[in-house]
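Student: everything below, folded, please.
(2 chains)
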Protein chains: 2
Amino acid sequence: MPPVQNAVVERGRKMKASPFPMIEPEEATRLIAENVASPALSDTETVALIVGKGRVLAEDIYSTVNIPTFDTTPIDGYALFAEEGRQEWQVIGEHLAGEMGYLRVEAGTAIRIMNGAPLPEGANSVVMVEFTNETDNVLSLSIPVKAGDNIRHIGQDIKKGQLVLKAGTVMGAPELGLVAMVNRASFRAYRRPRLGVISVGDEIAEPGDLSKPEAVYDSNRFSLAAALTDAYAEAIPLGIAPASKEGLRTMIMDALEIYDGVVTSGSLSVGKTDIVKDLLEELGTIHFGRVNLKPGKPFTFVTAEINGKRKPIFGLPGSPVSSLVSFELFVRPAVLKMGGRAKRHRPTIQVQAEHDIAHAADRNEYVRAIVSQQFDPETRSYTFTARTTGAQNSSRLMSMLEANALLRLSPDPHAVKVGSYMTAVLLNCTEI
Amino acid sequence: MPPVQNAVVERGRKMKASPFPMIEPEEATRLIAENVASPALSDTETVALIVGKGRVLAEDIYSTVNIPTFDTTPIDGYALFAEEGRQEWQVIGEHLAGEMGYLRVEAGTAIRIMNGAPLPEGANSVVMVEFTNETDNVLSLSIPVKAGDNIRHIGQDIKKGQLVLKAGTVMGAPELGLVAMVNRASFRAYRRPRLGVISVGDEIAEPGDLSKPEAVYDSNRFSLAAALTDAYAEAIPLGIAPASKEGLRTMIMDALEIYDGVVTSGSLSVGKTDIVKDLLEELGTIHFGRVNLKPGKPFTFVTAEINGKRKPIFGLPGSPVSSLVSFELFVRPAVLKMGGRAKRHRPTIQVQAEHDIAHAADRNEYVRAIVSQQFDPETRSYTFTARTTGAQNSSRLMSMLEANALLRLSPDPHAVKVGSYMTAVLLNCTEI
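Tutor: Here you go, the predicted structure:
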């Protein structure tokens, strides 16, 4: 054990409080939105449909074809000329799907036709096979038939030249099918934003490293990489930062050279050994360094000008819950914007407290909670209630596990009383 | 143009209606659930945390460590021995995060301490730096201090030996962080189900193939691959099936040898050239071949015994909307089950029609719709209304684009009247 006095003499200087003014969460959101840009049209790439899920379209898609390409039918049956009083038709052939049409029907004739096959010239109706009888090439029907039944006209679903998808559309299953349908195998998409993920802190060790039984294992790297992936970004895990300020500077600068931004976690608190904020001040503009928020107070937002581009550095707190909650509130909407997405906000609803909820007297608090739905069959209306996921200390990642919502609570020395109302951010639904 | 009579003689046989009884959608769901199995414990693999998002845990995770590993503090400040009447403390050193503790405080002494550093022996409280003043190694406080403040006790968040995650958990950001935190870099997960995707139909052409201006371009492959990915499965696009029954048989059998199942689309209707159902009958057991449903009536569910394993073949209709809607209703829950997921059903809510909605008189119909939410500030309750996405013919993929819900309508010759209630399946929220 080294002599006590030495420690004070060699390492000591006074502890200092954060030099950054405390800003409100809404102001933090505004500053991030102002300083993080949507992608430029030069930031696009060609993407094959088969891997296109979740990408954002960077061009308008116009149809080069009529859908259907010719008059056809959506059913299997008989195409014929329907006319008043006619009971029987002579079957003169058939049209299959995938073949060009070549037959023509006239009064008193019909052909067999498959779903998707070309309608024969002269036909004005198609009758479903279930309602027909064919004997010796003579067709009779068990239902009345009228002109126009079961015909899909050329261009009925999509017209040649029609705008089918607008730039900015998020590509899901139907959108990808639609691009294929109008005869394209790929589309122009915004590049997915790529963000380096760096864990900072002398106490942090690699999980699985059994040589450091008293270390804090790096959990944020994995949580944040998953959260970035969930925000349709590419996460590049850069590992644990070197202990020196110079080492960290090199790591961040190297990442910013290549990637679109950096997410750090840890070492943001006001202690004297914390180097991240000092470093960030040298690297770029610190837009804010403290938010009136629990958890997430030390969240820091910086932009740096690199090769003529403004790139964000999101400095997240080290506590696992603080880093995930501030990611959800601030980084996720920013990353969605960087990816070209218009919908960037989770739905919110009003919920009623199932029990008293103690919360911070002096800070806005986002409490992890389970929201349940109640249905009133009389008014056919829904109400929602919420209970917390237990102890809410910022190190307790278990409090996030079951949570499907964050409760937004304003500073108040008194607990939220059972039955009171508050706003919940729903975590299980896509952005609106 | 070939002589008409030839077509009849050479190719003709009578059209036939479907030989399969029409079953109700609930019965279809039950038969699929009965015949598609959850993964066996032998179907697991080791997955690194960094790529673990969305995987399903196939083991119970117990903590091998206490979290925190030692008594510590969640703040930066001073650790001291708090006692009645004491105003000043001598600062005798400091504890940093990432170092072993070595100091001891007694009555009248304090040390500087960083968030995450070990609490010194003898300390019973930690005071936040904001509320302190240190001059010439003498500490005074601007707030009262009491024993127990700001201490995180060893094992407070997680105890050594504690079960932290149960097998079956879906791994999201907090879950992955939690596994890292208890000093693991990987976990045992169920294999993702792998399904071959085959498009069937002589009329189908490869999108981008400009040599076939009148073809129907294969859109289902891309839609279904995206929908499978969205159901956390791996989609293997096998392309367009050969026109011959033997070619298709080989393609399906080859796929079933390797993959966990097959999804086909197209050629399921009752026309005489449709070969898929005949073939499926030879390959395995057809559990059903017709569902009382619009769109999706010809949806066919088959299982085949391959190398001692029962593997599903989902035969989807060819119409783009029919294939996606029947995927959503039947294949998605089955694939989620194959992936080891317990939550397999989208949330449903009661919604009120914004306009009259015409629907099938003789079949259950799932109508694509946009559900909106209304809030009543007086009762703090929510009601939901729905409008359809326009013409609902099964070829019109545009009807899926804006849809955030499917309206479930029972057979009825009368339209649903504006203001009536019905059930909506919400497509934008995760399974519950």
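Student: in stretch A:106-123, what counts as buried?
Tutor: Buried residues in stretch A:106-123, defined by neighbour count with 16 or more other C-beta atoms under 10 Å in any protein chain shown: A:109-120, A:123. For glycine as for every other residue, the C-beta is placed from the backbone atoms N, C-alpha and C.
Student: by contact count, what packs against whichever strand or helix holds A:Thr423?
Tutor: In the assignment (DSSP states H and E), A:Thr423 maps to strand A:421-426. Secondary-structure packing of strand A:421-426 (3 or more C-beta pairs under 8 Å, 6 or more residues apart in numbering or on different chains; DSSP states H and E): strand A:348-353, strand A:364-376, strand A:381-388, strand A:405-409.
Student: keeping just the C-alphas, turn the second one into CSV.
Tutor: It stands for strand A:364-376. Extracted in CSV, the C-alpha atoms of strand A:364-376 (Å, rounded to 0.1, in the frame of the first residue of the first chain):
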residue,chain,number,x,y,z
ASN,A,364,-36.5,15.1,-15.9
GLU,A,365,-36.6,11.4,-15.5
TYR,A,366,-37.3,8.6,-18.0
VAL,A,367,-38.5,5.6,-16.1
ARG,A,368,-38.4,2.1,-17.6
ALA,A,369,-41.9,0.6,-17.5
ILE,A,370,-44.3,-2.0,-18.7
VAL,A,371,-47.4,-0.5,-20.3
SER,A,372,-50.6,-2.6,-20.4
GLN,A,373,-53.7,-2.0,-22.4
GLN,A,374,-57.3,-2.1,-21.0
PHE,A,375,-60.3,-2.3,-23.3
ASP,A,376,-63.7,-0.9,-22.5
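Student: tell me the strands beside that strand, with direction?
Tutor: strand A:293-294 (parallel), strand A:381-388 (antiparallel), strand A:405-409 (antiparallel) (DSSP bridges).
Student: also the first one?
Tutor: The strands that strand A:348-353 pairs with in its sheet are strand A:381-388 (parallel), strand A:421-426 (antiparallel) (by DSSP bridges).
Student: now mean neighbour count and mean pLDDT too, for those strands, in a markdown table please.
Tutor: A markdown table is the format used below for those (neighbours: other C-beta atoms under 10 Å in any protein chain shown; pLDDT from 0 to 100):
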| stretch | mean neighbour count | mean pLDDT |
| --- | --- | --- |
| strand A:381-388 | 20 | 97 |
| strand A:421-426 | 18 | 96 |
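Student: would a markdown table of these with distance to B:Ala79 be doable?
Tutor: Shown next, in a markdown table, are those (distance: least, C-beta to C-beta, whole Å):
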| stretch | distance to B:Ala79 |
| --- | --- |
| strand A:381-388 | 29 |
| strand A:421-426 | 36 |
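Student: count of neighbours near A:Lys417?
Tutor: A:Lys417 has 10 neighbours, counted by other C-beta atoms under 10 Å in any protein chain shown.
Student: pretty sure it sits against A:Ala353.
Tutor: Yes. Contact criterion C-beta atoms under 8 Å: A:Lys417 and A:Ala353 qualify, at 6.8 Å.
Student: returning to that earlier point: of the strands paired with strand A:348-353, which is nearest A:Arg30?
Tutor: strand A:421-426 (17.6 Å; C-beta to C-beta).
Student: what does the closest one contact?
Tutor: Strand A:421-426 is contacted by residues A:328, A:346-353, A:366, A:369, A:371, A:384, A:386, A:404-409, A:416, B:380 when judged by C-beta atoms under 8 Å, 6 or more residues apart in numbering or on different chains.
Student: swap the cut-off to 10 Å and go again
Tutor: If you take C-beta atoms under 10 Å, 6 or more residues apart in numbering or on different chains as the criterion, strand A:421-426 is touched by A:328-329, A:345-353, A:357, A:359, A:366-367, A:369-371, A:383-386, A:404-410, A:416, A:432, B:380, B:429.
Student: returning to that earlier point: among the strands paired with strand A:364-376, which is nearest B:Pro21?
Tutor: strand A:381-388 (38.2 Å).
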